[in-house]
Structure formats: C-alpha cells, structure tokens
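1. the sequence and its predicted three-dimensional model are supplied below.
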Amino acid sequence: MRSLNFVIVLIMSVLVSCATRRPNELVKLPKTTTIQLRQALDSIAGITFDSFYAKIATKYKDSSQNVSFKTSIRMKKDSVVNSLITYGRIPVYNSLLTKDSIILVDKREKCVVSESLSYLKKKFAIDIAFKNVEEMIFGGPVAFDKDEKYFRVNDPFSYTLCSHRKREIKKNERKEQREILNYYSLSEDLKSLRRQKIESPEDSTVIFIDYNSRQLIEGILMPKIVEVTIITPKQEIKVLLDYKKIRINENETIHFVVPESYEECK
C-alpha cells in the first residue's frame with residue numbers, strides 16, 4: 001500500500017506529437033472552427049467552485065499490484081485539499097495539500113511525511129501546482145491559461161487543442177529544458193472535456209485523463225467515471241475513478257490531525 005502515496009498525490013493533484021488517441025468509433029465529427037473550440041474551452045475553464053466534496057471508488061493497477069479502495073476528497077478553493085483513503089473500511093492514508101506544502105499521514109505505519117510542494121517533483125518526476133490539483137479533481141482543463149494561444153490538432157475524429165504548434169514540438173525536443181505539452185479534447189457537444197493529455201518530454205512521462213462519463217450536479221457536468229493512465233519509462237499505471245455523492249459549494253469541515261506519537265516515514 002505504500003506505493004499508493006502516488007495515487008493520493010495523483011487524485012489530489014495531479015500529467016506522439018500533438019495527435020491524441022482516437023475514440024473507438026472512427027466517425028468524423030462535424031466541422032467546427034478553432035475559434036469555436038477556444039470559446040468552448042474558455043467556458044469550461046471558467047466553471048469554478050468555493051468548496052467541493054466527493055467520495056471516489058478507486059481502482060489502482062501497476063506492474064506489481066492491483067487494488068481497490070475508497071477516497072474521500074474535500075477541497076476549499078485556493079486553500080486546501082484533503083484526501084482520506086480507506087481500505088476495507090479502515091482509514092490507511094490521510095493527506096493535506098496547501099499552496100506550499102503537503103502532509104501525508106500513514107495510519108498503518110504510524111508515520112508522517114511533511115514536505116514542500118517540491119516533494120511532488122522529487123517523488124514523481126513532474127511539477128504539480130496546487131491549482132493543477134484542483135483542476136484535475138474538479139474535471140477542468142489542467143494548466144489551462146486563458147491568456148495563452150492554443151492550436152488546433154488536425155484530426156477529423158476529435159476536437160483537440162494543443163498548447164504548442166507542431167513545429168514548436170520539434171523545437172522543444174532539442175531544448176535543454178523541454179516544456180510540458182498540454183492537450184485538451186472536447187466532447188462532441190463542446191460542453192465538457194472528453195480527454196486531457198499531459199506530456200513531460202523532460203521526464204519521458206505521459207498522463208492521459210479520459211472522462212468516460214459525466215453527471216449533472218448543480219447545473220455542472222461533473223466527472224463520473226474517469227480513467228487515468230500514467231506512462232513512465234519504468235511502467236504503466238492505470239487508475240479508475242468513480243465519483244459518488246458529489247457536493248458543491250456547501251459548508252465542508254476538514255478534520256486533519258497528526259498524532260504526536262507519529263514519527264517521520266522512512
């Protein structure tokens with residue numbers, strides 16, 4: 001279960017060319033303009049919240065294990081994200097993420113990790129900002145910047161915008177410090193994200209976030225079934241998330257206590 005620390009960060013957090021994986025049904029989509037896609041993405045990115053709660057049934061699979069557990073998420077916008085993981089109805093991990101720190105409590109080993117956000121980069125080989133964590137959990141476009149320009153992917157089977165032009169991606173491959181590439185694929189009705197891809201050439205890591213289904217909560221198309229695929233040089237990781245009991249903008253109380261007897265995790 002110790003390797004599930006990665007899942008805590010992934011769920012809290014949070015990330016080939018500019019072409020993305022195509023849907024199973026290779027049906028050409030109706031023509032639309034780049035401006036229409038950008039307007040739709042701006043609208044999706046503009047959906048926000050003050051507080052958020054969800055129970056998430058989680059299945060995790062990598063090269064060495066295949067486990068299922070439950071996760072409770074509580075978020076306060078621009079402030080804190082709390083994640084509690086239970087296994088067999090027993091709490092095993094509790095975590096607290098703020099804008100500048102992360103605390104992971106291992107209840108089985110009775111120990112704690114307390115680090116700055118740079119811990120995420122050291123541990124998982126990719127930079128993750130607090131805002132990116134909120135965006136991922138809420139189902140919004142991760143690392144989207146309304147002031148940046150995005151470019152249409154030439155693919156008749158998807159409505160996809162990319163953070164870089166095709167020629168910029170080739171230049172990026174030759175840079176000393178290569179930039180992260182972001183891809184946003186919209187649903188056919190342009191009302192939600194169908195898929196995101198985050199590629200870190202620097203670390204040879206690619207993250208696919210597939211929104212297999214959504215649910216309407218308080219007038220917002222929230223995630224329902226989400227499949228996350230993390231491809232690294234060492235292995236491929238699959239995480240399946242089933243969102244339940246979502247609450248938006250209700251008064252959420254976060255209980256997070258580190259017992260005094262807990263020592264630093266080794």
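-> Ah, there it is. Treat the numbers as computed from the prediction; the structure is a model and nothing was measured. Residues are numbered from 1 along each chain as shown.
2. tell me the secondary structure at the residue nearest the centre of the chain.
-> Nearest to the mean C-alpha position of the chain, by C-alpha atoms, centre = their mean, lies Met136 at 3.5 Å. When classified by DSSP: H, G, I helix; E, B strand; the rest coil, Met136 comes out as helix.
3. hang on, it packs against Val142?
-> Yes - Met136 is within contact range of Val142, at 5.3 Å (criterion: C-beta atoms under 8 Å). For every residue, glycine as well, the C-beta is placed using N, CA and C.
4. low-scoring stretches of the stretch 101-250 of the chain, by residue?
-> 120-127, 176 (pLDDT under 70).
5. can you pull out the helices in it?
-> Under the criterion DSSP state H, counting those that start in this stretch, helices of the stretch 101-250 of the chain are mapped to 118-124, 130-138, 166-172.
6. deepest of those, which one?
-> helix 130-138 (a mean of 22; mean count of other C-beta atoms under 10 Å).
7. does anything pack onto that one? Which helices or strands?
-> Contact here means 3 or more C-beta pairs under 8 Å, 6 or more residues apart in numbering; DSSP states H and E; on that basis helix 130-138 packs against helix 5-12, strand 51-61, strand 66-76, strand 80-87.
8. return the most buried member of those.
-> Across these, averaging neighbours per residue (mean count of other C-beta under 10 Å) puts helix 5-12 on top, at a mean of 22.
9. quick one: neighbours of Ser204, just the number.
-> With neighbours defined by other C-beta atoms under 10 Å, the count for Ser204 comes to 12.
10. how much space between it and Thr160?
-> With distances taken as C-beta to C-beta, to the nearest Å, Ser204 is found 22 Å from Thr160.
11. just the residues contacting stretch 180-188, thanks.
-> The contact list for stretch 180-188 (C-beta atoms under 8 Å, 6 or more residues apart in numbering) reads 15, 18, 20, 29, 37, 40-41, 44, 126-127, 141-144, 150, 153, 158-164, 169, 172, 192-202.
12. skipping its backbone neighbours, what lies nearest Cys111 in space?
-> Among residues not flanking Cys111 along the chain, Cys265 sits closest, at 3.9 Å (C-beta to C-beta, 6 or more residues apart in numbering).
13. please apply the same query to Asp42.
-> Computed as C-beta to C-beta, 6+ apart, the closest residue to Asp42 that is not its neighbour in sequence is Lys146, at 6.1 Å.
14. give me the phi and psi for that neighbour.
-> phi -60, psi -20 (degrees, to the nearest 10).
15. gap between it and Lys110?
-> 45 Å.
16. and if you look at Val27?
-> Following C-beta to C-beta, the distance that separates Val27 from Lys110 is 54 Å.
17. bridging residues for Met75?
-> Phe52, Val81 (DSSP bridges).
18. surely Ser51 is in contact with Ile254?
-> No - counting by C-beta under 8 Å, Ile254 is not a contact partner of Ser51; they are 9.7 Å apart.
19. common neighbours of those two, please.
-> Common neighbours of Ser51 and Ile254 (C-beta under 8 Å, 6+ apart) are Arg74, Lys76.
20. and the end-to-end length of stretch 194-205?
-> From its first residue to its last, stretch 194-205 covers 21 Å (C-alpha to C-alpha, to the nearest Å).
21. what's that stretch in contact with?
-> Under C-beta under 8 Å, 6+ apart, the answer for stretch 194-205 is 15-16, 20-21, 23, 125-126, 141-143, 158, 172-173, 177-188, 206-211, 230-233.
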